[in-house]
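Asker: This is a predicted model, with the sequence first.
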Amino acid sequence: MYKISVVVPTYNSGNFLITFLDSIKAQTLGFENIEVIFVDDASTDNYTLDLLNNFNEEYSNVSVVFLEDNSGFPGTGRNKGLDLANGEYVIFGDHDDSYVDNAFEVMYDKITKYNADFLSTNYYKIYEDKVIVEDTVFDGENIVINNFKDDLRLFDIGPSIWTKLFRKEFLIENNIRFLEGMLAEDMYVYIYSLFKSKKTVYLDDFCSYNYSIRDVEGNKSTIHIRNKKYLASMVDGYCEIDKLVTKLNKEDYFSKIFKKHFVYWLASLIASDISDDEKRELVVAINPLLKKQVVITPDFGEKIYSPLTKPILDNDYSRILKNISRIKRSRERKAKIKTFINWLRFKS
C-alpha cells in the first residue's frame, strides 16, 4: 500500500503535466511511497495523450485512465481516481499546478501523528509577476479539533481540494464523493468532510501547494472564467450543498457555509460580460438560496451588495439586474480612479 495516492483529472493539459509530475517526483516523502492516478477527460490533444501514455509506461506507480466521453467537470475524474486509489491517504491535485517539495512529508507526518480523518494546509498563489501566501482568518495559527463546532473558522477558508489530504477509508465509510456534471464539487466534499470528521487538522503556517493563476486569452485559470456555463454549474453545486446541509440537519450553519461563496458568485456575475437575459436566468436560479442568506446577513457582510437585499427578498429580478449594473459601473469607476492615482504617483 502506498502512503499517499494523488488523483489528477486531466484535459488537454500538455506541458502542465510534466511540471506537475516533476513536483511529485521531488517529494521528500519519497516518490516510491506515492501513487499517481491521472484520469483523462477524453483529451483531443495528441501531445497530452502521448505524455500520459509515456508516464504510464515509464513509472510503475503512475497509472492513467482514459475516459471515453468528456464530462466537462473534474468531479467525474476525481471519483474514478478515488475508486482506484491504493494509498492509505488520498489527495486531489489539479493538472496545471504543483506541490512544494516537502508537501506530502509534512502532511503525512501530521495526519498520522493525530490520527486525523483529514488535514488541510495553506497555499501559495502564483501570479506571473509575484507569489502570495493566501491570507486567511487563522493568521498563521494551526489547529487540531475533534468536531467542526470546535472552530467554525474552518468554514471561512477556501475549499481548495488540492490542499486537503484525506484518509481514504474515511471517504469510503461516509460515502463522500464529488458532485459530477457541475462545479462547487470541491466545496461539497470539504463541507461534507467537516461535518463527518472526528479529527481535523489545519496548518495555516504551512503552504503545500503552488496555485497558478493565469489570466490571458486562451490560457485562463478557472477563477477567471465567467461565462454562463461556469456560473450556472456553480449554482447547481450550491443547490446540492444546500440539500446536503438539510439532509444532515445542519441548517444552522447555512450562512456560515455560503456567505463568502455567494459574494464570490455575485462578484463573478457582476464582472461577466454575458447578456442580461442570461444574467436574469442565473439570478432566478440562485435567488432562493440568496434569499435564505440575506435574511441572516442583509448585505452579505459587504455594504456594496446592500442594494440587492430588498429585490432579492421580493423576487424582483429586474431590480436585481439594474442594481448589479450599478454596482459594476461603480467598481469600474473606482478602478479607473485607482489606476489614475497610481499613474500620478509614478509620474511624480
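Answerer: It's in.

Asker: Only C-alpha atoms from now on, for both contacts and neighbour counts.
Answerer: Will do.

Asker: hang on, isn't Phe178 packed against Arg78?
Answerer: Yes: Phe178 is within contact range of Arg78, at 7.0 Å (criterion: Cα atoms under 8 Å).

Asker: And these two? Which one has more around it.
Answerer: Arg78 (27 against 23; other Cα atoms under 10 Å).

Asker: Pull out the CA atoms of whichever strand or helix holds the more buried one and give them to me as CSV.
Answerer: Using DSSP states H and E, Arg78 sits within helix 74-84. Below are the C-alpha coordinates for helix 74-84, written out as CSV (Å, rounded to 0.1, in the frame of the first residue of the first chain):
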residue,chain,number,x,y,z
PRO,A,74,-13.4,17.4,-12.6
GLY,A,75,-15.8,15.6,-10.3
THR,A,76,-16.1,12.5,-12.6
GLY,A,77,-12.3,12.1,-12.8
ARG,A,78,-11.8,12.5,-9.1
ASN,A,79,-14.4,9.9,-8.2
LYS,A,80,-12.9,7.5,-10.7
GLY,A,81,-9.4,8.0,-9.2
LEU,A,82,-10.8,7.6,-5.7
ASP,A,83,-12.3,4.2,-6.7
LEU,A,84,-8.9,3.1,-8.0
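
Asker: Give the other helices and strands that it contacts.
Answerer: strand 4-10, strand 34-40 (3 or more Cα pairs under 8 Å, 6 or more residues apart in numbering; DSSP states H and E).

Asker: what's the least confident helix or strand in the chain, going by average pLDDT?
Answerer: One helix or strand of the chain scores below all others by mean pLDDT, DSSP states H and E: strand 219-220, with a mean of 49.

Asker: where do the strands sit along the stretch 201-348 of the chain?
Answerer: Under the criterion DSSP state E, counting those that start in this stretch, strands of the stretch 201-348 of the chain are mapped to 215-216, 219-220.

Asker: before we move on, what about the stretch 1-150 of the chain?
Answerer: 4-10, 34-40, 62-66, 89-92, 98-99, 118-126, 131-133, 143-145.

Asker: who does the second one pair up with?
Answerer: In its sheet, strand 34-40 lies beside strand 4-10 (parallel), strand 62-66 (parallel), with partners assigned from DSSP bridges.

Asker: of these, which approaches Gly301 most closely?
Answerer: When those are compared by Cα to Cα, strand 4-10 sits nearest Gly301, at 34.9 Å.

Asker: Name the spans of the stretch 151-300 of the chain whose pLDDT lies under the cut-off.
Answerer: By pLDDT under 70, the weakly predicted segments of the stretch 151-300 of the chain are 215-224.

Asker: In the helix holding Arg78, which residues are buried?
Answerer: Pro74, Gly75, Thr76, Gly77, Arg78, Asn79, Lys80, Gly81, Leu82 (16 or more other Cα atoms under 10 Å).

Asker: and it, what's its mean pLDDT?
Answerer: In this model, helix 74-84 has an average pLDDT of 98.

Asker: Make residue 1 into 51 and carry on from there
Answerer: All set: I'll call the first residue 51, so the last point we hit is now helix 124-134.

Asker: coming back round to it: of the strands paired with strand 84-90, flag the one that's most buried.
Answerer: When neighbours are counted by mean count of other Cα atoms under 10 Å, the highest per-stretch mean among the strands paired with strand 84-90 falls to strand 54-60, a mean of 26.

Asker: Would you mind writing the CA trace of that strand as CSV?
Answerer: What follows is strand 54-60, C-alpha atoms only, in CSV (Å, rounded to 0.1, in the frame of the first residue of the first chain):
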residue,chain,number,x,y,z
ILE,A,54,-0.5,8.7,-0.5
SER,A,55,-2.5,8.4,-3.7
VAL,A,56,-2.6,11.5,-5.8
VAL,A,57,-5.6,11.8,-8.2
VAL,A,58,-5.3,14.2,-11.1
PRO,A,59,-8.1,14.9,-13.6
THR,A,60,-6.6,16.0,-17.0
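
Asker: could you give the angle of it to helix 124-134?
Answerer: In terms of direction (axes from the mean of the first three to the mean of the last three Cα atoms, to 10 degrees), strand 54-60 departs from helix 124-134 by 150 degrees.

Asker: contacting residues around strand 54-60?
Answerer: For strand 54-60, contacts defined as Cα atoms under 8 Å, 6 or more residues apart in numbering pick out 83-91, 93, 124, 127-128, 131-132, 135-145, 154.

Asker: what would the strands paired with strand 84-90 look like in JSON lines with mean pLDDT and distance to Gln77?
Answerer: As requested, the strands paired with strand 84-90 are exported to JSON lines (pLDDT from 0 to 100; distance: least, Cα to Cα, whole Å):
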{"stretch": "strand 54-60", "mean pLDDT": "98", "distance to Gln77": "11"}
{"stretch": "strand 112-116", "mean pLDDT": "98", "distance to Gln77": "15"}
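
Asker: Figure out which of the ones you listed is closest to Gly208.
Answerer: Once these are compared by Cα to Cα, strand 54-60 is nearest, at 19.2 Å.

Asker: what about the nearest residue in space to Leu363 that is not next to it in sequence, how many neighbours?
Answerer: Among residues not flanking Leu363 along the chain, Lys341 sits closest, at 5.6 Å (Cα to Cα, 6 or more residues apart in numbering). Lys341: 19 surrounding residues under other Cα under 10 Å.

Asker: Alright, I will stop here.
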